[in-house]
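*Asks:* coords below, sequence missing:
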């Protein structure tokens, strides 16, 4: 890999999405709010890391990812709202944890906290529209990250079960398939499925636990969206069911994810491919 840490690719891609959204979707997003989110997240991470004795530099990547996620998904009228969301998002990693593992996704926790605690925060699930090339971009970049961290099962379980539920409802109501695809072709839904629900540090450790967990979130999202008409259903579903991670880690024991181990495995894989390519070139040259 060109970059040493997998999270560097996440930062690169999320930053690209932010620039792309502002440039092609005409978002009403003020640059100063992005700056507030980044500065608050990094400062909160640094301060709490000093207090708890954690390694600051490694964790600053996580804080930057959280701030970019908030900038992509959360909208606010006041800079204080974005600052509150960012500070609470980072603090949640230090407060809501069992052992060394936090079970709330920081970005999601910040979004829900801002929606509850402030009067001017909102989320626009349809901000990406329904253009197909956004989906290809999200799938390609997200797929690259998921291949490295080994969390494709979570995305597949969520999207597969949610798509199935929507298909059954569509058939039951006798709607055309255009309605079905309209409900699924959402850039925000793909961002959620590829970059938020797959956070390896806050989701169940075991594969069976991740699959069951993702199916539960898909089911609750379906109910909240179709029967309670909540447009931000995916975020509320993840927030409500995040504590299930603790239960599933007890029911199905598995090693906890480590960014360092994932980076080492990725490096070994690249080295293996490069070695095989060199060996093939040498063999062809001899022939």
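*Replies:* Arrived safely, thanks for sending. Remember, it's a predicted structure, so these values are computed and weren't measured experimentally. Residues are numbered from 1 along each chain as shown.
*Asks:* what about the strands in the stretch 151-287 of the chain?
*Replies:* Applying DSSP state E, counting those that start in this stretch to the stretch 151-287 of the chain gives no strands.
*Asks:* Show the contacting residues for residue 112.
*Replies:* 235, 236, 239 (Cβ atoms under 8 Å, 6 or more residues apart in numbering). All C-beta atoms are positioned from the backbone trio N, CA, C, and that covers glycine.
*Asks:* Check which helix or strand it maps to.
*Replies:* Taking DSSP states H and E as the criterion, residue 112 maps to helix 106-117.
*Asks:* So in that sheet, which strands flank whichever helix or strand comes after that helix, and in what orientation?
*Replies:* Moving toward the C-terminus from helix 106-117, the next helix or strand (DSSP H and E) is strand 121-123. Strand pairing for strand 121-123, using DSSP bridges, gives strand 74-76 (antiparallel).
*Asks:* Now the element after the strand it pairs with, going C-ward?
*Replies:* Next element after strand 74-76 (DSSP H and E): helix 79-95.
*Asks:* what is the mean pLDDT for that next one?
*Replies:* For helix 79-95, mean pLDDT rounds to 96.
*Asks:* which residues touch it?
*Replies:* Applying Cβ under 8 Å, 6+ apart, the external contacts of helix 79-95 come out as 32-33, 36-37, 40-41, 44-45, 48, 52, 62-63, 66-67, 70, 74, 76, 102, 104, 106-107, 109-111, 113-114, 117-118, 120-121.
*Asks:* Would you mind listing where the stretch 51-200 of the chain has pLDDT under the threshold?
*Replies:* Scanning the stretch 51-200 of the chain for pLDDT under 70 picks out 54-58, 129-133.
*Asks:* what about the helices in this structure?
*Replies:* 6-24, 31-52, 56-73, 79-95, 106-117, 132-149, 152-173, 177-184, 187-191, 207-227, 233-241, 244-251, 259-286 (DSSP state H).
*Asks:* Deepest in the core, which of those is it.
*Replies:* helix 106-117 (a mean of 24; mean count of other Cβ atoms under 10 Å).
*Asks:* ok and it relative to helix 79-95, angle-wise?
*Replies:* Angle of helix 106-117 versus helix 79-95, following axes from the mean of the first three to the mean of the last three Cα atoms, to 10 degrees, is 130 degrees.
*Asks:* Let me know the angle separating helix 106-117 from helix 31-52.
*Replies:* 110 degrees.
*Asks:* out of everything not next to it in sequence, what's closest to residue 38?
*Replies:* Ranked by Cβ to Cβ, 6 or more residues apart in numbering and with sequence neighbours excluded, the top spatial neighbour of residue 38 is residue 67, at 4.4 Å.
*Asks:* Look up how far residue 124 lies from the one you found.
*Replies:* Shown here: residue 67 relative to residue 124, a distance of 18 Å by Cβ to Cβ, to the nearest Å.
*Asks:* Also residue 64?
*Replies:* Distance from residue 64 to residue 124, by Cβ to Cβ: 23 Å.
*Asks:* Quick one: residues contacting residue 142.
*Replies:* 13, 155, 190, 193, 194, 195, 198.
*Asks:* rerun that using 6 Å as the cut-off
*Replies:* 194, 195 (Cβ atoms under 6 Å, 6 or more residues apart in numbering).
*Asks:* Could you do residue 66 as well?
*Replies:* 41, 89, 106, 107.
*Asks:* Tell me the one of those nearest residue 248?
*Replies:* residue 106 (19.4 Å; Cβ to Cβ).
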